[in-house]
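Asks: Provided below for reference: sequence and predicted model.
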Amino acid sequence: MEESPSASPLPSMTPFSDPLDTSLFVLLGWGIAGVLGFFLLQRSRILLGPLSLLLAAGGIILASSGIRGLVRGSDLRQVLPGGLPGLPFHVRQDPLSSFFLLILGGAATGILLFSAGYLKSLPPSRLPAYFLRTALFLASMEGVFLADDAYVFMVFWEIMALVSYALVVTESDREEVRNAGFLYLLMAHFGSLLIMVAFFVLASHEPSGLSPGLSAFTFESMRTSAPPTGAALLVFICALLGFGAKAGLIPLHVWLPEAHPVAPSPASALLSGIMLKTAIYGILRVFFGLLGLGHLDYTWGVPVLLAGGLMALFGILHALVQSDPKKLLAYSSIENIGILFLGIGLAILYMRSGHSLAGEIALAASLYHAINHAFFKSLLFMGAGTMIHATGSHDLNGMGGLLRRMPVSGGFVLVGVLCIAGLPPGNGFVSEWLLLQAALQAGSLSGTLLRSAVLLGGALLVLASALAAMGFVKFYGIGYLGLPRSEGARNAHDVSAAEKIGMAWMVAGCLLLALSPVRMLGWIEQALRPLTGAPLSGSPSLTGWLWLLPLPPRGATFSPVILLGILAILLPLALLIPRLFGKTSRRQSPVWGCGYGTRTFRMQDSAGSFAQPIRHFFANFFLMKRHLPEPGEKRPTFELTVEDPHWAYLYRPILRLFQSLAGLAEKVRSGRISVYLVYSFGTLIFLLTVFRWM
Amino acid sequence: MAVEGAQLVLALVAAPILTGWIGVCRAVLSNRSPAGLLQPWRDLVRLFRKETIIPEGTSFLFRAVPFLVFAALLSCVLFVPFLVTDPPLAPVADAVVLVGLFSLARMLMAFGAMDAGTPFGDLGGRREMMVGFLAEPATLMILFTASLWSRSTSLPAILHSLLGAAAPFHPSLLFALLAFILILLAENGRLPIDNPSTHLELTMIHEAMLLEYSGPLLAMMEWGSQIKLLLYLLIGTDFFLPAGLPSSLSPGALGAGLLFLSAKLLMAGAGLALIETLFAKLRIFRVPEFTALAYLLATMGFLIHFVLEV
């Protein structure tokens, strides 16, 4: 392992020899390719394919740089000229950054391949700007992962926020898009403000004299800071809420289900699949890197754990009642980020109460789920994009029967659905299994309250993942199965080759993550070691590549590879069984319709009726307005609206408060110049008086 | 290989017979003349010989689902100890993976039902998923409680810790057992949650999903469900009545173990039939209360472990 001191090593001459140089090369390349593409695409849109491939190549190079960084466990830094006086740009690629670069590069590659085919439908006038924004968005996310001082971090963080805002409002002629974009921008800035407070507090508590002036804002000097408990708590809360605003932490999540769905589908995939992970990266960096494990208290893990569990439950419940497939996916992102928070909370709780092994497993499960989510959520957003393109409808009730008409992309989406539902042998199951194994160690904690909190977290996790299974049965069952629910769905056709390749990339990623968990955990261990200080004691490398054994020696074991092998042997055997009884004929016939001859698509469940039990059981989580027809009504109507209660009980009161304050301020404005002159005169007198006595 | 093969064959043969035994007990308890232990086998063979009717407008998924479901459920047989305490493939999957595989089978079954595009298929799929999400947290709590002694969710580890425990009786396990019985009823479509012998549209859950399946496809689904019921009973005996399970492969021990096992399964089947005879079906919206009770019982078992047992 390379341990470089704070001074940067000499930049090597060959750009591909060291991971950090490679990453910086990709960062620069994405920026240049974006600007280049902006001008080229204005002339001809034929170049979209090659240009997307160029960006995708950057993704592959970045992923390989991440992998090399993880394999070597390298910790590389550079100081680049520029920046503020006394604070040049500090960049660093440590294993944690490498891991997130792997997520970024790996998932972005598939999304970019997909968009080469998908964007053909974008109006030509929008294409150049969209391409530029995508490239800059990718570059800025990479910058966030590489930043090693607060200034660089915030610059890239803000670029990321602005560019992603621009991506969200790509179709700005629709009013809902503009509203969603504004809400997103507002929340992003609220979050940035809190993150800056966290950095300021950290910088102000570094050991005085060590790094005077602005250099206190390098992450290196923040790591040495020793804030008292109160200040540490302040940093903890600000970072949690600040990054939480980006990650969709409840109640700061309201922008997410509005903004993610209105962007074009590849952009939604980037936002949900990758950008949410920048927030997780930020939280890990601040909690475990800058603040340091030693300054955290184990009780702080409990709110994070329970917030994560509730987020998971709330997110998936709202996902279940959506009928816009992209909105369903956006709410499911809240669920998945909740699972990540749950893992982080468990980790803090276990590590600081002396059960470091269980804590490391929880944290590793969290990171594993982060990369899993990047792959399957991007895949599903692409799938939702193809559904919307094929049917021309944004509503599940206008889809149906798509698997028959789009067998290839429908098959890919089926893999994504099984993975995100957390079912074996998918990749989502591996991370949830690890998290449950960590939660099952609750018995070793002392104190009934702590144990109950962990148990409750585990139960919420299981409830959320079982609900996720139902939610994705709805997504797939209503969208892809059954009879087509509209003319558009009846005439749907499968997608272009580029789109298939992009989706196939994601499917391959999911399968790799499902089948080589031990290799992946080895990398995650590398990423976590500098943060937690100790290697996973049950180092997975000890158990070979086949077996997962997180808690040796007697702990539970799981081998996804062998499980898949067994299923692969049993499935052909099952197919053979009917042959044993002789060959039987097969024919098609209409379904049974209770003796009635007609069968229409309207007899199927609608997206709303499928979720009816959920609305019934979890009525407290929703704000429902329902209009039922009266008996004997001539033209009976049925109407149901389901809303996020946070709007009614939190945001609208805040809005009203601001409006009434603005109304008060309005009273001051009379429109007469004489009155305004009196105001300025009064202000002048006031200021003179103040300065007289100061 | 021999043990794995024996496990598969035994489960394949015994699962319909177990269902037949429950049928016999139910018939006797309700003063009907029983159809015999082999009735489910006769039904299966008859179904396998019938022609397959595929509903119009379905995709390949409809035809693939019965086999996928069957393979997923059959694979579980390899991971549950019932012939010996340590089946060679048991380390592949622990109890959590088993729950995951059951859930996989359930989800695929719901897909097959929804692919037919009928109101009943959708209704069945929706209700089955609903019972699933209500039952899974309770299932997890039972696992938590059963694994308290071994600190591991691996089934052989749980077995060994229970077989070798100093105290023969654990109050915490009694609560877990009660919760387990409730979950077993809910997960296998038995009364009072679902009635396996009804085809009344408004009340059926599991049967509604199978409505469009016929011939060999239906046989695979039925056989799969019978294997699932057998698996639940086997897991139950592992957790709560592990005595008599041989740890060696000697013929004598295996024979004795098989006798013990058959006795336990016959008892459990009779108990199940008794419960099904005594209770009427619950309204569907009262199912949450039922599963919440299971969750509560399992949680109490967990807490009692720390109060009384350590």
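Replies: Thanks, I have it.
Asks: hang on, A:Val91 in a strand?
Replies: Yes: per DSSP: H, G, I helix; E, B strand; the rest coil, A:Val91 lies within a strand segment.
Asks: so what's it closest to, chain neighbours aside?
Replies: Nearest-residue entry for A:Val91: A:Leu146, 4.6 Å, with adjacent residues in sequence omitted and distances by CB to CB, 6 or more residues apart in numbering or on different chains. Bear in mind the C-beta positions are built from the backbone N, C-alpha and C, glycine included.
Asks: from A:Thr448, how far out is that neighbour?
Replies: Using CB to CB, to the nearest Å, A:Leu146 is found at 45 Å from A:Thr448.
Asks: ok, the most centrally placed residue in chain A - contacts?
Replies: With distances taken as CA atoms, centre = their mean, A:Leu276 lies nearest the centre of chain A, 3.4 Å away. Counting by CB atoms under 8 Å, 6 or more residues apart in numbering or on different chains, A:Leu276 makes contact with A:Lys246, A:Ala247, A:Gly248, A:Ser333, A:Ile337, A:His373.
Asks: and for stretch A:632-652, what are the contacting residues?
Replies: Contacts with stretch A:632-652, where a contact means CB under 8 Å, 6+ apart, come from A:250-251, A:253-254, A:257, A:318, A:321, A:608, A:615, A:621-630.
Asks: same question for stretch B:68-78.
Replies: Applying CB under 8 Å, 6+ apart, the contact partners of stretch B:68-78 are A:563, A:566-567, A:570-571, A:573-574, A:577, B:4, B:7-8, B:11-12, B:87, B:89-90, B:92-93, B:98, B:101-102, B:104-105, B:108-109, B:112, B:220-221, B:223-224, B:227-228, B:231.
Asks: list buried residues within these.
Replies: The neighbour count (16 or more other CB atoms under 10 Å in any protein chain shown) marks A:563, A:566-567, A:570-571, A:574, A:577, B:7-8, B:11-12, B:87, B:89-90, B:92-93, B:98, B:101-102, B:104-105, B:108-109, B:112, B:220-221, B:223-224, B:227-228, B:231 as buried among the contacts of stretch B:68-78.
Asks: how many other residues sit next to the residue nearest to A:Val91?
Replies: Number of residues near A:Leu146 (other CB atoms under 10 Å in any protein chain shown) recorded here: 26.
Asks: any idea how far A:Leu284 is from it?
Replies: Plainly put, A:Leu146 is 15 Å away from A:Leu284 if you go by CB to CB.
Asks: what sits against A:Ala497?
Replies: Neighbours of A:Ala497 in contact, by CB under 8 Å, 6+ apart: A:Gly117.
Asks: longest helix in chain A, please.
Replies: helix A:356-391 (DSSP state H).
Asks: residues in contact with stretch B:49-61?
Replies: Residues contacting stretch B:49-61 (CB under 8 Å, 6+ apart): A:401, A:403-404, A:407, A:410, A:414, A:480-483, A:581-582, A:584-591, B:62-63, B:111-112, B:115-118, B:212, B:214-217.
Asks: what about it, start to end distance?
Replies: One end of stretch B:49-61 to the other measures 22 Å (CA to CA, to the nearest Å).
Asks: now that stretch, how far from the centre of its chain.
Replies: For stretch B:49-61, the gap between its own C-alpha mean and the chain's C-alpha mean amounts to 27 Å (CA atoms, centre = their mean, to the nearest Å).
Asks: list the buried ones in that stretch?
Replies: By neighbour count on 16+ other CB under 10 Å, the buried set for stretch B:49-61 is B:Lys50, B:Thr52, B:Ile53, B:Ile54, B:Pro55, B:Gly57, B:Thr58, B:Ser59, B:Leu61.
Asks: same check on stretch A:150-170?
Replies: Buried, per 16+ other CB under 10 Å, within stretch A:150-170: A:150-157, A:159-170.
Asks: please apply the same query to stretch B:73-89.
Replies: Neighbour counts over stretch B:73-89 (16+ other CB under 10 Å) mark B:73-87, B:89 as buried.
Asks: check stretch A:230-245 too.
Replies: Residues of stretch A:230-245 classed as buried by neighbour count (16+ other CB under 10 Å): A:231-245.
Asks: where exactly do the strands run in chain A?
Replies: Ranges of strands within chain A are A:76-84, A:87-93, A:586-589, A:623-627, A:639-643, based on DSSP state E.
Asks: the ones you listed into JSON lines, with extra columns for distance to A:Leu270 and mean pLDDT?
Replies: JSON lines is the format used below for the strands of chain A (distance: least, CB to CB, whole Å; pLDDT from 0 to 100):
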{"stretch": "strand A:76-84", "distance to A:Leu270": "26", "mean pLDDT": "86"}
{"stretch": "strand A:87-93", "distance to A:Leu270": "21", "mean pLDDT": "90"}
{"stretch": "strand A:586-589", "distance to A:Leu270": "43", "mean pLDDT": "89"}
{"stretch": "strand A:623-627", "distance to A:Leu270": "31", "mean pLDDT": "88"}
{"stretch": "strand A:639-643", "distance to A:Leu270": "27", "mean pLDDT": "88"}
